[in-house]
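>>> sequence? don't have it. structure:
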């Protein structure tokens, strides 16, 4: 089972969520990293966050391979992929993809808000951790997709 995420789609989700947070909180301005003119920097951070996520899940999911293995290649990739070989991955692939995408988006938001808005950074990091936990539990066959409660 291969799970593929488009960096462009991940960043669109990040920008959309940042817009919602700006409109619904006391944030007077978005962090520089969340402005479209900083898209290349956010893309580079996305690949770094992807590597960190792979490190977080690798001890829990058995055999897998992911790309890119290096973000220092000549050309920046557009797709991030994770190949899993378990039965659970075949059975729960779409739900696992959603958890992984959510974890990546929330991790990027957490990193972007950092010290400027620590409450938003912590809230997004907590959501990223929940999504990673959901992904791992799905990969190990411990839960079914219908039992995941992302916000509770």
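Alright, I've got the coordinates. Keep in mind the model is a prediction, meaning the values are calculated, not measured.

>>> From here on, just use CA atoms for contacts and neighbour counts.
Noted.

>>> which residue is nearest the centroid of the protein?
By C-alpha atoms, centre = their mean, the mean C-alpha position of the chain lies nearest to residue 104, the distance being 0.9 Å.

>>> What helix or strand is that one located in?
helix 87-113 (DSSP states H and E).

>>> List the buried residues for the following helix or strand past that helix?
Following helix 87-113 in sequence order, the next helix or strand is helix 118-139 (DSSP H and E). With burial defined by 16 or more other C-alpha atoms under 10 Å, the residues of helix 118-139 counted as buried are 120-122, 124-139.

>>> Please apply the same query to stretch 2-20.
Here stretch 2-20 shows 2, 3, 4, 5, 7, 10, 11, 13, 14, 15, 18 as buried, counting by 16+ other C-alpha under 10 Å.

>>> Filter the residues you listed down to just the ones in helices.
7, 10, 11, 13, 14, 15, 18 (DSSP state H).

>>> Can you tell me which of the residues you listed lies closest to residue 83?
residue 7 (16.8 Å; C-alpha to C-alpha).

>>> so what's the residue lying closest to that closest one once chain neighbours are set aside up against?
Excluding the flanking residues, the one nearest residue 7 by C-alpha to C-alpha, 6 or more residues apart in numbering is residue 78, at 5.5 Å. Taking C-alpha atoms under 8 Å, 6 or more residues apart in numbering, we find residue 78 in contact with 6, 7, 8.

>>> if you set the cut-off to 10 Å instead, what comes out?
With contact set as C-alpha atoms under 10 Å, 6 or more residues apart in numbering, residue 78 has these partners: 5, 6, 7, 8, 9, 43, 47, 68.

>>> ditto for residue 7
Per C-alpha under 10 Å, 6+ apart, neighbours of residue 7: 13, 42-44, 46-47, 77-80, 101, 104-105.

>>> Next: residue 23.
For residue 23, counting by C-alpha under 10 Å, 6+ apart, the contacting residues are 17, 29.

>>> what kind of secondary structure is it in?
At residue 23 the chain is in helix, as set by DSSP: H, G, I helix; E, B strand; the rest coil.

>>> And residue 81, by the same measure?
strand.

>>> which secondary structure elements does the helix or strand bottoming out on mean pLDDT in the chain contact?
The weakest-scoring helix or strand in the chain, judged by mean pLDDT, DSSP states H and E, is strand 64-67 (a mean of 82). If contacts are counted by 3 or more C-alpha pairs under 10 Å, 6 or more residues apart in numbering; DSSP states H and E, strand 64-67 sits against strand 2-6, helix 39-57, strand 79-84.
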